[in-house]
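Enquirer: my questions are about this predicted structure, shown below with the sequence.
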Amino acid sequence: MANHRRSLEKESYWRRQLEGQAASGLSIRQYCRDQEFSEPSFYVWRRELAKRDKEIASRSTRPTGLMAVDVIPSAGEVNLEIEVADGVVIRLREGASAETLARVLAVACAQGSDQVKSC
């Protein structure tokens with residue numbers, strides 16, 4: 001817990017520094033000199049915070065093409081299995097219509113093709 005708290009404190013500190021530099025009108029070099037921290041540290045934290053923000057944004061994206069489905073136990077032969085993010089598995093039997101398959105694939109693809117693990 002101490003490391004997590006320390007990390008949050010550092011993150012908050014560097015977010016304030018990035019905002020302060022942007023608002024100051026000073027170059028990064030001059031701002032770092034005035035604040036008495038190293039320019040490389042500023043760049044490392046700028047990159048790290050951008051990475052964290054991108055990860056948070058990608059986790060919060062939700063598919064927009066949701067459809068109603070029936071969740072039934074897997075009884076009988078499954079002819080198609082699609083595993084998507086978070087361990088969700090979509091199983092279709094042979095009798096599934098082409099329209100149903102198209103709708104299921106549209107929803108799976110809306111989550112991002114990089115998240116479809118296997119078909």
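Expert: Happy to help now that I have it.
Enquirer: from here on, contacts and neighbour counts on C-alpha atoms
Expert: Will do.
Enquirer: quick one, strands of the chain?
Expert: Listed in chain order, the strands of the chain (DSSP state E) span 80-83, 89-92.
Enquirer: any regions of the chain where pLDDT drops low?
Expert: Counting by pLDDT under 70, the ranges of the chain that qualify are 1-6, 59-78, 84-87, 108-119.
Enquirer: can you spell out the domain ranges of it, please?
Expert: Domain assignment for the chain, taken from automatic domain parsing, gives 2-60, 63-119.
Enquirer: run a quick neighbour tally on the nearest residue to residue 15 once chain neighbours are set aside.
Expert: For residue 15, ignoring the flanking residues on the chain, the nearest one in space by CA to CA, 6 or more residues apart in numbering is residue 49 at 7.7 Å. Residue 49: 17 surrounding residues under other CA atoms under 10 Å.
Enquirer: I'd like to know how far residue 49 sits from residue 16.
Expert: 11 Å (CA to CA, to the nearest Å).
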